[in-house]
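In: need a structure here:
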Amino acid sequence: MSAAPEPQPTESLDYATTAARLAEDLATVKDYSQRLKLTDSLSSIDQVARRMREHRFTVAVVGEFKTGKSTFVNSLLGVDVLPTDVVPATATLNRMTYGLESSIDVVYKDGHRQAIGFDKLKEFVTKEYVTTDLLKSIDEVVVHHPAPYLLNNVDIIDTPGLNDDDAMTEVSLSVLPKTDAAILVISALSPFGDYTRQFLEERLLSADLGRVVFLVNRLGQVGSEENADRVLGHIEKRIAQNVLDRARREFGENSPEYEVYVKKIGKPRVFGIDAHDALSGIVNHDQAVLTRSRFPLFQNGLRRFLNEDRGVVVLQVPVNRILASANEILAALALRRQSSTMTIEDFNRKREAAMEDLNRVRERKRKEMDEVERKKIEATAAAIGVLRGADERVKEAVRNAILAVELTDDEVAKSKTAGEKVQSAVNTEVRRAAEAEAGRAAAEVNRMVAEASDRLQKLTADVDQTVNRIIVNFGAAEAGKGEKVGAAALGAAGMVLGGFGVVGSMVTGYQRAGLKGALTGGVVSFGAIQVAALLALAVGLPFTLPVALGAAIAGFFAGDKVTKALFRGARAQNFKEKVVEQTLKQIAEMRLEDAITRSVREYAEQAFSHLSRTVSDEVDAVTENIQRTLTELAREKERQDVLSESQVRELDQMSGRIQSILENTMTINRQLTAFAAGAAL
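Out: Numbering: from 1, shown residues only. So this is what the prediction gives:
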């Protein structure tokens, strides 16, 4: 096996080094929090540290069969390991993960693993060998290899061709909800085949294009460099146009929703390579062939994507946790240092004033939580009101979609051909119409979540001011810099929302609009996942409903007697009218409005609970830690304990170390803010 030539990285953010530094600082912050008995923050610190250790970037490689996906993955690995063929080859999910030694494990759905040699790989991953029963029993095939791209907890998953057959397509789509990003491989020779176009328009454009890299393969087969550039330009323009067309269709051009959608989707990342030339250049150590393949340009782009664009999302959570905990530690140190020189009478007087401030904050928090609950009820009612009549609107949209299908009398005579065209149109329209209904309902919830988060941002500002006032009252300078409770709330929000995969919009939102932007941004992503769980299969969004509808329609067409009766003597218009009647019955039985309403209720409950729990927990942690510190100091005063010189030096050393950590973390935070702002442009 030949190793790939390593291009010189140009990124200004070293993810591995930064993550290691933050992990070390988290450990110090935890140690100091324990020593100072700031126990209410320890669980949050532990959660963030564990997430950092366990998180893996998972990138799925998807596309139609024979676009060169496996050859491309082999190029990334720097070895010719995955089988490729002139016919569809890949049948299973093949996960590439880092290992000091090259090895392969077959992981079965019942949990057991089987080690195999590279000479046996074809028997477990290719259509030529994999039986239906074996395919159903295999969860994934894991290839361990010391490839540079697999460092820093990055896994690459090779998938079967999307349009190979239904079983293979299902295997590919099943992994997408679990991935951080997707690389869609497109053939330069036929860049927009039917399935690629459908996958792009109906699935990828429902998700976050910031998670997708478009890779145009086989550029070496289009002729000159000028032709290659022309093909890439055409594809990038086509993808961007699809984004705008969908936005116009859904929201109307120049509407506020249209502007939000276009900004959310972002600018597509499009790269061009020739994977065959790339692999040849790597294996044969031919730099000229490798350069001609444009693969080094893609390598640098992928590094930037993983290190900066996705790395920002992962690193922001520990950064925010450190900022919050460091400020808590500095506050505790300041109180301990200043109280050591006070008389017990002076200390008790100031402690009593501090307790009054803390109790006032707690009472305000209680009232704000009641307001969040009221907003949840109001938002649920508004969202359900928007959904009234959804069944009839969806049915009308489907009726129009069926009647718009272009069918010849000859296609009508061939029931399978006509059935497939209509089934595709119905699936597409149900997905589109149901998404639109769910989106309008979710927008009502999100609007009121934003209003509630506005109020809670003022609450967190009040907490910060109260803590500073207590510290100043004890004779110390204001503790720490930057965000305190707000930063911690963002870190906690990332964990509540299921980890790092959903934090991207929160990071940008937080940096632009504080806690409101963070919580609202995160909830928008969260809502898309929850509400849309009824609608379709899309990258990152496990929708299932149109699949069920498709099965119902397929069953309708498969019924021999029904099919014969339907098609006997039918012409296109008569056929479509009969199909409309049968299809609308199927949709009516599905009771879409009720299903989406249930989902919206659940979404509102989760969204508002997430909001209130996140802020409540952080406010409680800050107030309880301050109170615990003051209570401990009061006991020491009663015992007439006096700080020794060594204890004073220890406090000063801790303060200096935390100040250093705080300054370093704020520098990283500024870097992440700059990268996030650049990615949003």
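In: Quick check: the gap between Asn132 and Ile138.
Out: That one is not Asn; residue 132 is Thr. For Thr132, the distance to Ile138 equals 11 Å [CB to CB, to the nearest Å]. Yep, even glycine has a C-beta here, placed from its N, CA and C like the rest.
In: let me redo that: Tyr32
Out: 48 Å.
In: go on, Asp277?
Out: Distance from Asp277 to Ile138, by CB to CB: 32 Å.
In: Name the residue in the two with the higher neighbour count.
Out: Between Asp277 and Ile138, counted using other CB atoms under 10 Å, Asp277 has the larger neighbour count: 24 against 20.
In: is it true that that one touches Ala288?
Out: No - Asp277 lies out of contact with Ala288 (CB atoms under 8 Å); the separation is 10.0 Å.
In: overlap in contacts of those two?
Out: Shared contacts of Asp277 and Ala288 (CB atoms under 8 Å, 6 or more residues apart in numbering): none.
In: SS state for Pro160?
Out: coil (DSSP: H, G, I helix; E, B strand; the rest coil).
In: tally of neighbours for it?
Out: With other CB under 10 Å as criterion, Pro160 counts 29.
In: Find me the pLDDT at it, would you?
Out: Confidence at Pro160, expressed as pLDDT, is 77.
In: Just give the closest residue to Thr665, not the sequence neighbours.
Out: In space, and not counting its chain neighbours, Thr665 is closest to Ile322: 4.7 Å by CB to CB, 6 or more residues apart in numbering.
In: what helix or strand is the one you found on?
Out: Per DSSP states H and E, Ile322 falls inside helix 311-339.
In: Direction-wise, compare the one helix or strand Val467 maps to with helix 311-339 and give the angle.
Out: Assigned by DSSP H and E, Val467 falls within helix 415-473. With axes from the mean of the first three to the mean of the last three CA atoms, to 10 degrees applied, the angle from helix 415-473 to helix 311-339 works out at 20 degrees.
In: I'd like the distance from helix 415-473 to the chain centre, please.
Out: 14 Å (CA atoms, centre = their mean, to the nearest Å).
In: now do stretch 65-83
Out: 26 Å.
In: What of stretch 343-351?
Out: That offset, for stretch 343-351, works out to 50 Å (CA atoms, centre = their mean).
In: do stretch 234-243 as well
Out: 23 Å.
In: buried set for it?
Out: 235-236, 238-240, 242-243 (16 or more other CB atoms under 10 Å).
In: which regions of the stretch 451-600 of the chain lie under the pLDDT threshold?
Out: 476-572 (pLDDT under 70).
In: Doesn't Val642 belong to a helix?
Out: No - going by three-state DSSP, the assignment for Val642 is coil, not a helix.
In: so what's it up against?
Out: Counting by CB under 8 Å, 6+ apart, Val642 has contacts Ser340.
In: Next one: it relative to Thr341, how far apart?
Out: 10 Å.
In: Then Ala326?
Out: 24 Å.
In: more crowded one of those two?
Out: Taking neighbours as other CB under 10 Å, Ala326 and Thr341 compare with Ala326 leading, 30 against 11.
In: Closest one to Ser616 out of the buried residues of stretch 234-243, please.
Out: The closest of those to Ser616 turns out to be Val243 (CB to CB; 38.6 Å).
In: Just to check, the closest one is in contact with Pro268?
Out: Yes - the pair Val243 and Pro268 qualifies as a contact (CB under 8 Å) at a distance of 7.5 Å.
In: Quick check: the gap between Asn300 and Asn307.
Out: From Asn300 over to Asn307 (counting by CB to CB), the distance is 10 Å.
In: Please say which of the two ends up with more neighbours.
Out: Asn307 (23 against 16).
In: Spit out the contact partners of the closest residue to the more buried one other than its chain neighbours.
Out: Nearest non-adjacent residue to Asn307, counting by CB to CB, 6+ apart: Tyr15, 4.4 Å away. Contacts here follow CB under 8 Å, 6+ apart; on that basis Tyr15 touches 152, 306-308, 311, 314-315.
In: Mind putting those into CSV with distance to Val106 and pLDDT?
Out: As requested, the contacts of Tyr15 are exported to CSV (distance: CB to CB, whole Å; pLDDT from 0 to 100):
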residue, distance to Val106, pLDDT
Asn152, 25, 73
Leu306, 27, 76
Asn307, 31, 71
Glu308, 35, 68
Gly311, 31, 76
Val314, 30, 82
Leu315, 34, 87
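In: top of the residues you listed by neighbour count?
Out: Val314 (28 neighbours).
In: Map the structural domains onto the sequence of this protein.
Out: 56-309, 316-680 (automatic domain parsing).
In: For Ala27, which of those is the nearest?
Out: domain 316-680 (10.6 Å).
In: Could you check how far the host helix or strand of Arg657 is from the centre of its chain?
Out: Secondary structure from DSSP H and E places Arg657 in helix 645-680. Averaging C-alpha positions (CA atoms, centre = their mean) puts helix 645-680 27 Å from its chain's average.
In: for that helix, packing partners?
Out: helix 15-35, helix 311-339, helix 504-531 (3 or more CB pairs under 8 Å, 6 or more residues apart in numbering; DSSP states H and E).
In: Looking at strand pairing, list the partners for Val59.
Out: Ile156, Ala181 (DSSP bridges).
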